[in-house]
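Undergrad: coords please:
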Amino acid sequence: MKSLEQEISDDISNDIRKEFDEAIMFSILKECGWTQVNLPRFIDNNHAIDILYWLKDNIKNDYRQNGRCYIFEQECDAILFSLRWQ
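TA: Below you'll find the predicted structure:
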């Protein structure tokens, strides 16, 4: 049985690993021609949810999100996103 300290350490390690993997993925995608858009901040949780619904309804090509950072396969999608949310 794991100790509480070990469980917390494992959770933190997994979170760090996920962030690191996402950063590497974004870097690779940018090198492949994807376009990155960084939002300055979310106003509140509803703002973040509104963005997710908007993405689902308006972006048909591939995209990824990591926090306030979005990366789009098609530049036109990134421009449309920027015009709407920045």
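
Undergrad: Only C-alpha atoms from now on, for both contacts and neighbour counts.
TA: Will do.

Undergrad: Quick one: low-confidence residue ranges for the chain.
TA: Of all residues in the chain, none has pLDDT under 70.

Undergrad: need the longest helix for it.
TA: Longest helix in the chain, counting residues (DSSP state H): helix 4-31.

Undergrad: Can you list the buried residues in that one?
TA: By neighbour count with 16 or more other Cα atoms under 10 Å, helix 4-31 contains the buried residues 26, 29.

Undergrad: who are the neighbours of it, in terms of helices and strands?
TA: Judged by 3 or more Cα pairs under 8 Å, 6 or more residues apart in numbering; DSSP states H and E, the packing partners of helix 4-31 are strand 69-72.

Undergrad: just checking, what packs against the strand it packs on?
TA: helix 4-31, strand 35-38, strand 63-66.

Undergrad: got the buried residues for that strand?
TA: Residues of strand 69-72 classed as buried: 70-72 (neighbour count, 16+ other Cα under 10 Å).

Undergrad: sorry, back to before: switch the helices and strands packed on strand 69-72 over to CSV; also include distance to Leu83.
TA: Compiled in CSV, the helices and strands packed on strand 69-72 are given as follows (distance: least, Cα to Cα, whole Å):
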stretch, distance to Leu83
helix 4-31, 20
strand 35-38, 11
strand 63-66, 16
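
Undergrad: Tell me which of those sits nearest to Leu52.
TA: For the helices and strands packed on strand 69-72, the distance to Leu52 is smallest for strand 63-66, at 9.6 Å, taking Cα to Cα.

Undergrad: Run through the neighbouring helices and strands of the closest one.
TA: Packing partners of strand 63-66 (3+ Cα pairs under 8 Å, 6+ apart): strand 69-72.

Undergrad: ok, 10 Å please
TA: Applying 3 or more Cα pairs under 10 Å, 6 or more residues apart in numbering; DSSP states H and E, one finds that strand 63-66 makes contact with helix 4-31, strand 35-38, strand 69-72.
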